[in-house]
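A.B. asks: how would this look folded up:
(chains A and B)
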Amino acid sequence: SQTIHQWPATLVQPVGSPLSLECTVEGTSNPNLYWYRQAAGRGLQLLFYSVGIGQISSEVPQNLSASRPQDRQFILSSKKLLLSDSGFYLCAWSAANTEAFFGQGTRLTVV
Amino acid sequence: GQNIDQPTEMTATEGAIVQINCTYQTSGFNGLFWYQQHAGEAPTFLSYNVLDGLEEKGRFSSFLSRSKGYSYLLLKELQMKDSASYLCAVRGGNYGGSQGNLIFGKGTKLSVKP
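C.D. replies: I've put the predicted structure just below:
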């Protein structure tokens, strides 16, 4: 069966510090991978999606970036965090047009 | 553009039935999904509709009308543990491009009272 792992679960980082969140999927090949952010009281905002290794598309302009160095690994990064980057970050995977399955999420607080 | 609308909050009584509506406008359509999200947790998949009609899964049912851009999630025999946010999501057309991604509504927070 397929599983998705995302870590860390919680993170407190100072403004201006770098960020690296990692997500890995097991039990499937060539998954479509997504990073979403959910700010307090708001909906899920799609940040990045990837249909293959090295193929990253950004949905919104921001100071975040994503990379897919391996088929089942998706990384969300920032060089310098802003206060507005605080939120609940969710990695997800899907196969073709099927439903998306989410990781446990990372609650990021920028202080 | 793409837009998904659902009520912000709803309240219902334990044992009752509740219907959560969702309307959408997207570029193309490749399916509508409902997710449940408890506070502080990741969303979990509930149902999927791609053709018009009703899909039933135990206490949960989901309905779709593509011509009206409308769906609803029906929860029967409500339990206290059903208190959560319910997210409507649509996969647009042109899969592989940005329009084929899963776009979420802001969610409906359901409170189940004794």
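
A.B. asks: ok, now which ones touch B:F63?
C.D. replies: B:49, B:53-55, B:71-72, B:74 (Cβ atoms under 8 Å, 6 or more residues apart in numbering or on different chains). (Each C-beta comes from the backbone N, C-alpha and C, glycine too.)

A.B. asks: so what's it bridging to?
C.D. replies: Here B:F63 sits in beta bridges with B:L54, B:Y72, going by DSSP bridges.

A.B. asks: okay, the residue in chain B that chain A sits nearest to: pLDDT?
C.D. replies: Per Cβ to the nearest Cβ, B:K106 is where chain B lies closest to chain A, at 3.5 Å. With respect to pLDDT, B:K106 has a value of 92.

A.B. asks: wait, isn't B:V90 in contact with B:Y70?
C.D. replies: No: B:V90 sits out of contact with B:Y70 when judged by Cβ atoms under 8 Å, with a separation of 11.4 Å.

A.B. asks: which one of those two has more residues nearby?
C.D. replies: Shown here are B:V90 and B:Y70; by other Cβ atoms under 10 Å in any protein chain shown, B:V90 has more neighbours (24 against 14).

A.B. asks: of the contacts of B:F63, grab the buried ones for PyMOL.
C.D. replies: Here is the PyMOL command that picks out the buried ones among the contacts of B:F63, judged by 16 or more other Cβ atoms under 10 Å in any protein chain shown:
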select buried, chain B and resi 49+55+71+72+74
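
A.B. asks: distance to A:S17 and pLDDT added to the contacts of B:F63, as a markdown table?
C.D. replies: Shown next, in a markdown table, are those (distance: Cβ to Cβ, whole Å; pLDDT from 0 to 100):
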| residue | distance to A:S17 | pLDDT |
| --- | --- | --- |
| B:N49 | 43 | 95 |
| B:G53 | 51 | 97 |
| B:L54 | 50 | 97 |
| B:E55 | 46 | 95 |
| B:S71 | 42 | 98 |
| B:Y72 | 44 | 98 |
| B:L74 | 46 | 98 |
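
A.B. asks: pick out whichever of the contacts of B:F63 sits closest to A:Q62.
C.D. replies: Nearest to A:Q62 among these is B:S71, at 30.1 Å by Cβ to Cβ.

A.B. asks: quick revisit: where do the contact lists of B:V90 and B:Y70 overlap?
C.D. replies: With Cβ under 8 Å, 6+ apart, B:V90 and B:Y70 have common neighbours B:Y24.

A.B. asks: any idea how far the residue nearest to A:Q73 when sequence neighbours are not counted lies from A:W7?
C.D. replies: Nearest residue to A:Q73 in three dimensions, chain neighbours excluded: A:T24, at 5.2 Å (Cβ to Cβ, 6 or more residues apart in numbering or on different chains). Using Cβ to Cβ, to the nearest Å, A:T24 is found at 9 Å from A:W7.
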